[in-house]
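Engineer: Mind looking at a prediction? Sequence and model below.
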Amino acid sequence: MSGHSKWHSIRRTKGVLDQKRGQLFTKLARDITIATREGGSGDADANFRLRLAIDKAKASNMPSDNIQRAIDRGLGKGNEAAIEEIVYEGYAPGGIALLIETATDNRNRTNSEVRSTLTKAGGNPGEPGSVAWMFDQKGLITIDLATQKLDTDEVMLIAIDAGAADVEVGADTIDIYTESKQLAAIRQQLTDTGLPISSAELTMQPKTTIQADEKESLQAMRLIERLEDLDDVQKVHSNLDISEELAELFANE
């Protein structure tokens with residue numbers, strides 16, 4: 001299973017994704033606000049990044065009123081402070097690279113929280129550019145195997161024919177990676193075939209992964225979890241290769 005799917009499966013097993021729904025809605029709203037502002041439009045049909053953000057919000061049962069308020073904020077309506085995106089770079093124990101995407105209305109607060117979380121967990125902040133070169137931006141389309149029985153070989157062929165750059169089959173999901181600019185087109189082609197797409201998003205895929213020892217891997221996963229639990233952190237990307245054994249150990253902590 002890919003690191004992306006495995007990590008979210010672990011979080012789901014631990015009940016984290018359900019326990020913090022209020023925090024999740026805040027993060028989803030910030031995604032929508034930034035997508036609206038960056039795309040210069042509150043029309044999801046004309047702003048693909050906004051379409052992805054809205055689809056993700058709806059999949060998490062975010063109320064329509066919340067979605068509209070987030071769009072309005074991105075259009076500059078109201079008196080709320082502006083949201084900005086900041087990407088932090090750093091290292092977890094074992095030299096594992098971390099890209100930390102944040103969305104914040106208070107840069108000083110976010111900077112302090114991210115740095116403190118890194119250092120307290122045995123990690124280190126990195127200089128700009130020290131980690132980013134290890135990742136490529138890709139489109140990621142996830143198909144949930146739990147909701148429908150599918151022939152994985154057939155799905156892989158369909159995805160490759162549609163132009164996918166890579167396909168990873170896990171126990172519960174199929175992750176289809178695309179070039180970032182092709183995400184919209186390939187998503188539409190897969191949708192047209194009737195495949196049950198559970199999510200589509202832009203992600204940062206590591207060029208190579210690291211297999212750390214058990215102690216350092218668990219330390220890194222605990223650090224990633226703490227970072228993701230910060231209100232201002234949207235996503236954390238790493239180049240840690242999570243084995244099935246380590247996934248089970250961490251999920252049962």
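Structural biologist: Everything's here; your move.

Engineer: Go through the helix or strand residue 203 falls within and flag the buried ones.
Structural biologist: If you go by DSSP states H and E, residue 203 is part of strand 197-206. For strand 197-206, the buried set under the neighbour-count rule, 16 or more other CB atoms under 10 Å, comprises 197, 199-201, 203-206. (Each C-beta comes from the backbone N, C-alpha and C, glycine too.)

Engineer: JSON lines for those residues, including distance to residue 67?
Structural biologist: Below are the buried residues of strand 197-206 laid out as JSON lines (distance: CB to CB, whole Å):
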{"residue": "197", "distance to residue 67": "19"}
{"residue": "199", "distance to residue 67": "16"}
{"residue": "200", "distance to residue 67": "17"}
{"residue": "201", "distance to residue 67": "16"}
{"residue": "203", "distance to residue 67": "22"}
{"residue": "204", "distance to residue 67": "25"}
{"residue": "205", "distance to residue 67": "28"}
{"residue": "206", "distance to residue 67": "32"}
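
Engineer: least confident pick among those?
Structural biologist: The weakest per-residue confidence within the buried residues of strand 197-206 falls on residue 199 (87).

Engineer: Name whatever forms a beta bridge with that residue.
Structural biologist: Bridge pairing for residue 199 (DSSP bridges) gives the partners residue 142.

Engineer: what is the mean pLDDT for stretch 25-38?
Structural biologist: The predicted model assigns stretch 25-38 a mean pLDDT of 93.

Engineer: domain assignment for this structure?
Structural biologist: If you go by automatic domain parsing, the domain ranges for the chain are 3-74, 84-133+208-251, 135-206.

Engineer: Return the member of those having the minimum mean pLDDT.
Structural biologist: With a mean of 83, domain 3-74 has the lowest mean pLDDT of the domains of the chain.

Engineer: So which residues of the stretch 101-250 of the chain form strands?
Structural biologist: Per DSSP state E, counting those that start in this stretch, the stretch 101-250 of the chain carries strands over the ranges 124-125, 135-144, 166-169, 173-179, 197-206, 233-238.

Engineer: how about the CA coordinates for the last one, as PDB?
Structural biologist: Provided in PDB are the C-alpha atoms of strand 233-238 (Å, rounded to 0.1, in the frame of the first residue of the first chain):
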ATOM      1  CA  VAL A 233      -1.400  22.400   9.400                       C
ATOM      2  CA  GLN A 234      -3.200  21.200   6.300                       C
ATOM      3  CA  LYS A 235      -1.100  18.300   5.100                       C
ATOM      4  CA  VAL A 236       2.200  16.700   6.000                       C
ATOM      5  CA  HIS A 237       4.200  14.900   3.300                       C
ATOM      6  CA  SER A 238       7.100  12.600   4.100                       C
END
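
Engineer: Please identify the pairing partners of it and their relative orientation?
Structural biologist: Going by DSSP bridges, the partners of strand 233-238 are strand 96-104 (antiparallel).

Engineer: got the angle between the partner strand and strand 135-144?
Structural biologist: If you take axes from the mean of the first three to the mean of the last three CA atoms, to 10 degrees, strand 96-104 sits at 80 degrees to strand 135-144.
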